[in-house]
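A.B. asks: Return a 3D structure for these sequence lines:
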Amino acid sequence: MSSKPLCFTDVSLTDGQTAVWGGAMTTPMMAKVIGSFNQTAHSGKQSLVPGTAFPAIEVISTETVRQCLARGEDPWQRIEVLRYQNPAQPFRASINLLTDQRPDVLSTEVVAHWIEALARRSISQVVVVDPLLQKQRLAPAFRAAKDNHMVPIGVVPFLEDQRSDDQYAEIARGLVTAGAARVMLRDEGGVLTPDRISSLLPRLQQVLEGIPLLLHTRCTTGLGPLVAIEAIRSGVSEIDTALPALANGASLPSST
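C.D. replies: Numbers count the residues shown, from 1 in each chain. Below is the predicted model:
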């Protein structure tokens, strides 16, 4: 078991409610709970997860922006409302450079403006997802985040049995070279197993040389919690989790 401090980032308001409730969580619903996610010196409110202090809460993603627009809500206003309700909590955003709309790939200029708008609304971390791992798209996004005093997080997308541990390590190295300050192993399909992660995480840590390594895994096959436990044993820096009502199944492991 690693002696390194372990952190949990909450993604209940993005991936959690999307997976479990089909994205039905509205801004007013989020505003009612965001102030109670953890005990803060400023709020004095009781945590929804006693004893838990999240280093960050993910409050917006490419998918939740689409959900907002579909129901006539303003995604920028959502961030401002959540910030008002929880003034001290670090917030995270997630941007997928590939979209379901045309054009299929967000341009460098659009991403830069998006990141700038997020920074103006006190988002301090941004996950940049590019399933195609194109450095010419990722590097400008990471640079825009740093220029706006945000922490850029690069994503290593896990695909079952399609790459070796060494290939994944090279992807992680390339993300750091492109400007990522942290690296996330992202298992959207929920196909990671405890055996695989026990060999993969040490290899990633070897090439990252102290750069924080995060884990984002789904529970689709029921192995998500076991994968998270094995990741803790392997010394991962941070794990994405969701509140119990929005965890497991197609969602992420529970924070409790």
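A.B. asks: all contacts plus neighbour counts: C-alpha atoms, from now on.
C.D. replies: Fine.
A.B. asks: Under the pLDDT cut-off, which ranges of the chain? List them.
C.D. replies: 1-5, 38-53, 100-103 (pLDDT under 70).
A.B. asks: those helices in the stretch 51-200 of the chain, which residues are they?
C.D. replies: Secondary structure of the stretch 51-200 of the chain, counting by DSSP state H, counting those that start in this stretch: helices at 62-70, 75-85, 108-120, 135-147, 165-178, 194-208.
A.B. asks: May I see these organised as JSON lines, with mean neighbour count and distance to residue 158 added?
C.D. replies: Supplementary listing: these in JSON lines, determined by neighbours: other CA atoms under 10 Å; distance: least, CA to CA, whole Å:
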{"stretch": "helix 62-70", "mean neighbour count": "16", "distance to residue 158": "19"}
{"stretch": "helix 75-85", "mean neighbour count": "17", "distance to residue 158": "29"}
{"stretch": "helix 108-120", "mean neighbour count": "17", "distance to residue 158": "23"}
{"stretch": "helix 135-147", "mean neighbour count": "20", "distance to residue 158": "17"}
{"stretch": "helix 165-178", "mean neighbour count": "19", "distance to residue 158": "8"}
{"stretch": "helix 194-208", "mean neighbour count": "17", "distance to residue 158": "10"}
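A.B. asks: Indicate which one of these is closest to residue 155.
C.D. replies: Evaluated with CA to CA, the helices of the stretch 51-200 of the chain place helix 165-178 nearest to residue 155, the distance being 7.6 Å.
A.B. asks: Just the C-alphas of that closest one, formatted as PDB.
C.D. replies: Output of helix 165-178 as PDB, limited to C-alpha atoms (Å, rounded to 0.1, in the frame of the first residue of the first chain):
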ATOM      1  CA  ASP A 165       1.800  -0.900 -21.200                       C
ATOM      2  CA  ASP A 166       4.900   0.500 -23.000                       C
ATOM      3  CA  GLN A 167       2.600   2.100 -25.600                       C
ATOM      4  CA  TYR A 168       0.400   3.700 -23.000                       C
ATOM      5  CA  ALA A 169       3.600   5.000 -21.300                       C
ATOM      6  CA  GLU A 170       4.700   6.600 -24.500                       C
ATOM      7  CA  ILE A 171       1.300   8.300 -24.800                       C
ATOM      8  CA  ALA A 172       1.700   9.700 -21.200                       C
ATOM      9  CA  ARG A 173       5.200  10.900 -22.000                       C
ATOM     10  CA  GLY A 174       3.900  12.600 -25.100                       C
ATOM     11  CA  LEU A 175       1.100  14.400 -23.100                       C
ATOM     12  CA  VAL A 176       3.700  15.800 -20.700                       C
ATOM     13  CA  THR A 177       5.900  16.900 -23.700                       C
ATOM     14  CA  ALA A 178       2.800  18.700 -25.100                       C
END
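A.B. asks: Run through the neighbouring helices and strands of that helix.
C.D. replies: Identification of packing neighbours for helix 165-178 by 3 or more CA pairs under 8 Å, 6 or more residues apart in numbering; DSSP states H and E yields helix 135-147, strand 151-157, strand 182-187, helix 194-208.
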